[in-house]
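Trainee: What shape does this take:
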Amino acid sequence: MAGDLTQFRVLTFDCYGTLIDWERGILAVLRRHFSPNGEWADDAMIKAFAIGESEAERDNPIAMYPDILRMAARRVGKALGIDCTPEAADALAMSVGDWPPFDDTVAALQKLNQRYKLVILSNVDRASFAKSNARLGVEFDAIITAEDVAAYKPALSHFRRAAKLFDEWGIQRHEWLHVAQSLFHDHIPAKSMDLKTAWIDRRHGREGWGATLPPNSNVKPDWTFNTLADFAARVEEEWMQ
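Mentor: Residues are numbered from 1 along each chain as shown. This is a model prediction of the structure:
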C-alpha cells in the first residue's frame, strides 16, 4: 500500500476510459460503419482502434483530436480490410460528445471534489472535451488537453504542464495523485515523474487492453480499484478515520 490517501491535495485524471466510457462510444460508431451485420467482433475492432489511434497520435502530435480519430478510423478500416468512407471517418471524429460517462463517474467526482482539487489531463482538444465536461457534473480546477501542450500521452507534456501549474499553486509532488485507467498512456509516464498513481481498472475481469495499447514496460500503480466509486469510497473511509 502506498500510504494515506488523505496526504494528497490534488487529483489529476485521465478522462477517456477513466471517467468517460469511450469504448462504448467508439464501438457504437464502429459497429454502425464497419460491422453493421456483426461481421466483426467488438474485441477485434477495438484492438484495431487502439493500434490506429496510438499510431496516429505518435505520428501527428500537433494534430487536433478529431483529425486523430479520422486517421484512426481509416487505419481500422485498413486493418479489417474494409473501405473507410469519409462519412465513417467523420462519424468517429464527431462522436466524442456522445460517449457516455461510466455510471459511477458523476457521483464519485462530486464526492472527491469535496476533498481535493480536480484536474484533467486528456488526450483530446478543448472543444471535444467541453462536450464531455458537460456530462461530468463538476467544475474542474484546471483542464490540460493535447491541444494545449501539442502532444499526446504517453509523452510527458501534460504532466510537465501540470507540475508547473502545481508549483504556482504551492502543491508539492507528494501531494499529487494521478488517477487513470490506461497503464500505457498514464501510469508509465506518471511513474517516470515519481508520481503516486491510482489505477481504475475499468476492464477488470475482461481479457485484453481494449482501446489502449498494453504497457510497454513494467509498471506498478500504488493503488488499484475496479471502479471510481470504489476509489471514492476508500477516500471517504480514510478521511473519516
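
Trainee: okay, CA-based contacts and neighbour counts for the rest of this
Mentor: OK.

Trainee: As CSV, could you dump the C-alpha coordinates of stretch 156-171?
Mentor: Taking Å, rounded to 0.1, in the frame of the first residue of the first chain, the C-alpha atoms of stretch 156-171 are listed here in CSV:
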residue,chain,number,x,y,z
LEU,A,156,5.2,13.8,-20.6
SER,A,157,4.0,17.2,-21.8
HIS,A,158,0.6,17.1,-19.9
PHE,A,159,2.4,16.1,-16.7
ARG,A,160,5.1,18.8,-17.0
ARG,A,161,2.4,21.4,-17.6
ALA,A,162,0.6,20.2,-14.6
ALA,A,163,3.7,20.2,-12.5
LYS,A,164,4.4,23.9,-13.4
LEU,A,165,0.8,24.8,-12.5
PHE,A,166,1.0,23.0,-9.2
ASP,A,167,4.2,24.8,-8.3
GLU,A,168,2.3,28.0,-8.8
TRP,A,169,-0.4,26.7,-6.5
GLY,A,170,2.1,25.7,-3.9
ILE,A,171,1.3,22.0,-4.3
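
Trainee: Can you point out the buried residues in it?
Mentor: 156-159, 162-163, 166, 171 (16 or more other CA atoms under 10 Å).

Trainee: want to throw those residues into TSV with secondary structure?
Mentor: Shown next, in TSV, are those (DSSP: H, G, I helix; E, B strand; the rest coil):
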residue	secondary structure
Leu156	coil
Ser157	helix
His158	helix
Phe159	helix
Ala162	helix
Ala163	helix
Phe166	helix
Ile171	coil
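
Trainee: will you turn those residues into CSV that also has distance to Arg126 and pLDDT?
Mentor: CSV is the format used below for those (distance: CA to CA, whole Å; pLDDT from 0 to 100):
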residue, distance to Arg126, pLDDT
Leu156, 18, 98
Ser157, 16, 98
His158, 14, 98
Phe159, 17, 98
Ala162, 16, 98
Ala163, 20, 98
Phe166, 20, 98
Ile171, 25, 98
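
Trainee: Nearest to Leu92, out of these: which one, please.
Mentor: Checking the buried residues of stretch 156-171 against Leu92 by CA to CA gives His158 as the nearest, at 24.1 Å.

Trainee: residues contacting the closest one?
Mentor: Contacts for His158 (CA atoms under 8 Å, 6 or more residues apart in numbering) come out as 121-122, 144-146, 149, 151-152.

Trainee: How much space separates it from Ile143?
Mentor: 10 Å (CA to CA, to the nearest Å).

Trainee: what residues does the longest helix seen in the chain touch?
Mentor: In the chain, assigned by DSSP state H, the helix with the most residues is helix 42-59. Here helix 42-59 makes contact (CA under 8 Å, 6+ apart) with 23, 26-27, 30-31, 63, 68-69, 71-73, 75-76, 79-80, 151-152, 209-213.

Trainee: could you redo the last one with a cut-off of 7 Å?
Mentor: By CA atoms under 7 Å, 6 or more residues apart in numbering, the residues outside helix 42-59 that reach it are 27, 68-69, 71-72, 75-76, 79, 152, 210-213.

Trainee: nearest residue to Ala73 other than its sequence neighbours?
Mentor: Spatially, and ignoring its direct neighbours in sequence, Ala73 is nearest to Ala89 (5.3 Å; CA to CA, 6 or more residues apart in numbering).

Trainee: Show the contacting residues for the one you found.
Mentor: 70, 73-74 are the contacts of Ala89 under CA under 7 Å, 6+ apart.

Trainee: Switch the residues you listed over to CSV; also include neighbour count and distance to Ala130.
Mentor: Converted to CSV, the contacts of Ala89 look like this (neighbours: other CA atoms under 10 Å; distance: CA to CA, whole Å):
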residue, neighbour count, distance to Ala130
Arg70, 24, 19
Ala73, 30, 22
Arg74, 21, 25
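
Trainee: Relative to Ile200, which of the residues you listed is nearest.
Mentor: Closest to Ile200, out of all of these and judged by CA to CA, is Ala73, at 26.6 Å.
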